[in-house]
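J.: give me the fold of what follows.
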Amino acid sequence: MPSDVERTADSAAAATDFGESAPAVVAIAGVVDGPIDVDTCVAAVENEHAGAVVTFAGVVRDHDEGRGVTWLRYSEHPTADAVLRAVTADVAAAHPGTTVAALHRVGDLAIGDVALACAVASAHRAEAFAACAALVDEIKARVPIWKEQGFVDGSTEWVASLG
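T.: Here you go, the predicted model:
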């Protein structure tokens, strides 16, 4: 796990009755400036009560709106880490019985790098899928991180990850 990411709970020990009435748990959440992977999030949420683990990897692709992309740079507002933690807690609270993890990378990324990694564990797949989808949508809507992308023609463009 990246060293600057706070592990907020031990997901396996957080609830002894991990049914639908169990509290939600945020296992890890943070904005980091080094490589991330989905396996880190999976390891954080896996537990003996979970019958489903759903993941998401936002990967840097080589195109955007018909233009070839060669690189990305993510920049964060000073509150981005705190907002990501709050978003993760909000999504977890809205989905009782889940264990949730999310990491967003900032800095320079290459094609194929993971920019956003999320995992959600729950007793049943429907809740894990719903919570993971909500987590990704809320991170993109609320966390103040912006993307600059470089194109094959040498031009660049800033894109807000918000909204």
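J.: do you know how far Val120 is from Glu65?
T.: 30 Å (Cβ to Cβ, to the nearest Å). Backbone N, C-alpha and C define where each C-beta goes, glycine included.
J.: those two: who's more crowded?
T.: Remark: of Val120 and Glu65, Val120 carries more neighbours, 33 against 6, as counted by other Cβ atoms under 10 Å.
J.: what sits against the more buried one?
T.: 45, 53-55, 95, 98-101, 128, 131-132, 135 (Cβ atoms under 8 Å, 6 or more residues apart in numbering).
J.: closest to Glu148 out of those residues?
T.: Nearest to Glu148, judged by Cβ to Cβ, of these is Leu135 at 24.3 Å.
J.: burial check on the closest one, number of neighbours?
T.: Using other Cβ under 10 Å, Leu135 is surrounded by 28 other residues.
J.: select the longest helix from the protein.
T.: helix 125-142 (DSSP state H).
J.: other residues contacting whichever helix or strand comes after it?
T.: Following helix 125-142 in sequence order, the next helix or strand is strand 145-151 (DSSP states H and E). Applying Cβ under 8 Å, 6+ apart, the set of residues contacting strand 145-151 from outside is 31, 64, 67-77, 80, 104, 106, 156-162.
J.: what's the angle from strand 145-151 to helix 125-142?
T.: With axes from the mean of the first three to the mean of the last three Cα atoms, to 10 degrees applied, the angle from strand 145-151 to helix 125-142 works out at 80 degrees.
J.: middle-most residue in this structure, spatially?
T.: By Cα atoms, centre = their mean, the mean C-alpha position of the chain lies nearest to Ala102, the distance being 3.2 Å.
J.: give the contact list for that residue.
T.: With contacts defined as Cβ under 8 Å, 6+ apart, Ala102 is in contact with Ile28, Ala29, Gly30, Cys41, Leu84, Val87, Thr88, Leu116, Ala117, Cys118, Leu135, Ile139.
J.: do the same with Ala80
T.: Ala80 neighbours (Cβ under 8 Å, 6+ apart): Val31, His104, Val106, Val143, Pro144, Ile145.
J.: hmm, try it at 7 Å
T.: By Cβ atoms under 7 Å, 6 or more residues apart in numbering, the contact set of Ala80 is Val31, Val143, Pro144, Ile145.
J.: out of those residues, which is nearest to Val60?
T.: Nearest member of the contacts of Ala80 to Val60, counting by Cβ to Cβ, is Ile145, at 13.7 Å.
J.: about what we covered before: which two among the contacts of Val120 are spaced furthest apart?
T.: Across the contacts of Val120 (Cβ to Cβ), the longest gap, 15.3 Å, separates Thr55 and His95.
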